[in-house]
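Novice: here's a sequence, model it:
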Amino acid sequence: MEGTTIGRQNTGERSQTEDELVPEFTAHFTATKGMALVWCSGQNIDRLVTIFKAARKAHRQFIVDLYTAYILDATGNEKIRAALQSNMRVFLPAYQKYRIKKLQRYDISERYKLLRIYPEKLATEADSSVMLFRPSMCDELEATSATRTMNGGKLKPIPER
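Specialist: Numbering: from 1, shown residues only. Below is the predicted model of the structure:
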């Protein structure tokens, strides 16, 4: 189930389609200095495709975490698999590294070895990137020089309610 309409009031207005969102995302990515950060579910394939299309139109690569790359690959969709190889990079956050080591599933990280982007490269590639972001990445990204490039300062997670 896709959840972007949960909690909306029934106003009678129709929701935008993913195709209608592409130009909006593209405009945001084009206007953003440094790295554009997007927070959405790694399982929302339609939204990820929308972000990918917008990133490509804004002449930016799309950086996803290992889990998301694995989900996209698992769709079996050849267009998505080709996109993974063409203009996507894979970032392996510390918590995912921990899981790979704990489960000894090095085969998963090895699959994306050629697509990997490492923390020390995030700052130099920020202006040409859109990154799928999770609040759990804040501390890790703050430890790199990428946060200064991304938003001019510290990343602040959204407080829990």
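
Novice: what's the closest non-adjacent residue to the residue positioned nearest the centre of the chain?
Specialist: Nearest to the mean C-alpha position of the chain, by Cα atoms, centre = their mean, lies Leu132 at 1.7 Å. Nearest residue to Leu132, sequence neighbours excluded (Cβ to Cβ, 6 or more residues apart in numbering): Val64, at 4.7 Å. For the C-beta atoms, the positions are set from N, CA and C on the backbone; glycine is no exception.

Novice: now that neighbour, what's its secondary structure?
Specialist: strand (DSSP: H, G, I helix; E, B strand; the rest coil).

Novice: what is the neighbour count of it?
Specialist: Val64 is flanked by 26 other residues according to other Cβ atoms under 10 Å.

Novice: try Lys113
Specialist: Lys113, neighbours per other Cβ under 10 Å, totals 8.

Novice: pLDDT score assigned to it?
Specialist: At Lys113, the predicted lDDT confidence score is 93.

Novice: ok, residues contacting the host helix or strand of Val130?
Specialist: Assigned by DSSP states H and E, Val130 belongs to strand 129-132. With Cβ atoms under 8 Å, 6 or more residues apart in numbering as the test, strand 129-132 has contacts from 29, 35-40, 42, 48, 51, 54-55, 58, 60-65, 68, 89, 91, 122.

Novice: try 6 Å
Specialist: Applying Cβ atoms under 6 Å, 6 or more residues apart in numbering, the contact partners of strand 129-132 are Phe29, Met35, Ala36, Leu37, Val38, Ala55, Arg60, Gln61, Phe62, Ile63, Val64, Thr68.

Novice: quick one, grab the pLDDT at the residue nearest to the centre of the chain.
Specialist: 93.

Novice: that one bridge partners, please.
Specialist: Val38 (DSSP bridges).

Novice: leaving out chain neighbours, which residue sits closest to Ala143?
Specialist: Pro119 (7.3 Å).

Novice: and the one you found, how far from Glu140?
Specialist: 7 Å (Cβ to Cβ, to the nearest Å).
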